[in-house]
Each structure stands twice: as structure tokens, then as C-alpha cells.
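The sequence and its predicted three-dimensional model are supplied below.
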Amino acid sequence: MVEHEKPYESIKGQLILRDHLAADRTILANERTFLAYIRTALTLFVAGLSFVHFHIMSSPIADGAIGGLLMLIGAVTFFLGLYRYHKTKSLIREIKLKELAEGNEYEN
């Protein structure tokens, strides 16, 4: 089976508004996902902080350990979300630039 370098070659120039709007929806979905990561990270961090500050359990050592673990998981979640957001954003930008370059190539 031979793979084509440009699988959408046959429909080039036939992209309609729906296709362009789909790309915009992808960008917005990436931003919504990043905001979900931030909300989750903030919730974990605040939960950990409340364990440390309010001594919810009977043992202060357990409170500190659970609180520290939750704050660490919250920080890791934030940075993981930030990494995935930027990675996806650069991938989308790369695809759009490639489409624009191919579009200009066909117009000449």
C-alpha cells in the first residue's frame, strides 16, 4: 500500500466555511482543555493547603503528608496542562502554516 504525501490533494480548493470553522473550534477546544487543567490544579492545590492549614485529620503528620501530596499533584497537573496546551497550539499553528503555504503554491 502506497501512502500519499498529500492525502487531501483531490479536494484542494474545495474547502468551505465549515472546514475553516472546524479549525477554529479545535483552537477553542485546546483553550478549554487548558482551562480545565488549571481548574483541576487549583482545586487540588487548595485542597492540599486546607489539609495543611486546618488539620482535618487527627494526626498533624498525616495532614501534612496528604496536604503536601495534593499540592504536589496540583502543581504537576498545572505544568502538564501548560505543556500539552503549548504542544497542541504549536501543532495547530504548524498545520495552518503548511496549509497556507500549499494554498499559495496552487494559486501561482
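Received, thanks. Only a predicted model underlies this, so the values are computations on that prediction, with no experimental measurement involved.

chain center to the helix or strand containing Arg32: distance?
Arg32 belongs to helix 17-54 when assigned by DSSP states H and E. Taking Cα atoms, centre = their mean, to the nearest Å, one finds helix 17-54 lying 8 Å from the centre of the chain it belongs to.

which other helices and strands contact that helix?
Judged by 3 or more Cβ pairs under 8 Å, 6 or more residues apart in numbering; DSSP states H and E, the packing partners of helix 17-54 are helix 60-107. Yep, even glycine has a C-beta here, placed from its N, CA and C like the rest.

hang on, the earlier thing: now the helix holding Arg32 against helix 60-107, angle please.
Angle between the axes of helix 17-54 and helix 60-107 is 160 degrees (criterion: axes from the mean of the first three to the mean of the last three Cα atoms, to 10 degrees).

how about low-confidence regions in the chain?
For the chain, the stretches with pLDDT under 70 are 1-16, 102-108.

ok, now which ones touch the residue sitting nearest the centre point of it?
Nearest to the geometric centre of the chain sits Tyr85, at 3.3 Å (Cα atoms, centre = their mean). Counting by Cβ atoms under 8 Å, 6 or more residues apart in numbering, Tyr85 touches 30-31, 33-34, 37.

separation between Phe78 and Leu91?
Applying Cβ to Cβ, to the nearest Å, the value for Phe78 to Leu91 is 21 Å.

neighbour count winner among these two?
Neighbour count, other Cβ atoms under 10 Å: between Phe78 and Leu91, Phe78 has more, with 18 against 12.

Surely the more buried one is in contact with Arg39?
No. Taking contacts as Cβ atoms under 8 Å, Phe78 lies outside contact range of Arg39: 10.2 Å.

Got phi/psi on the residue lying farthest from the centre of the chain?
Of all residues in the chain, Ser58 has its C-alpha farthest from the mean position, at 38.7 Å, by Cα atoms, centre = their mean. Here is the backbone geometry of Ser58 (degrees, to the nearest 10): phi -80, psi -20.
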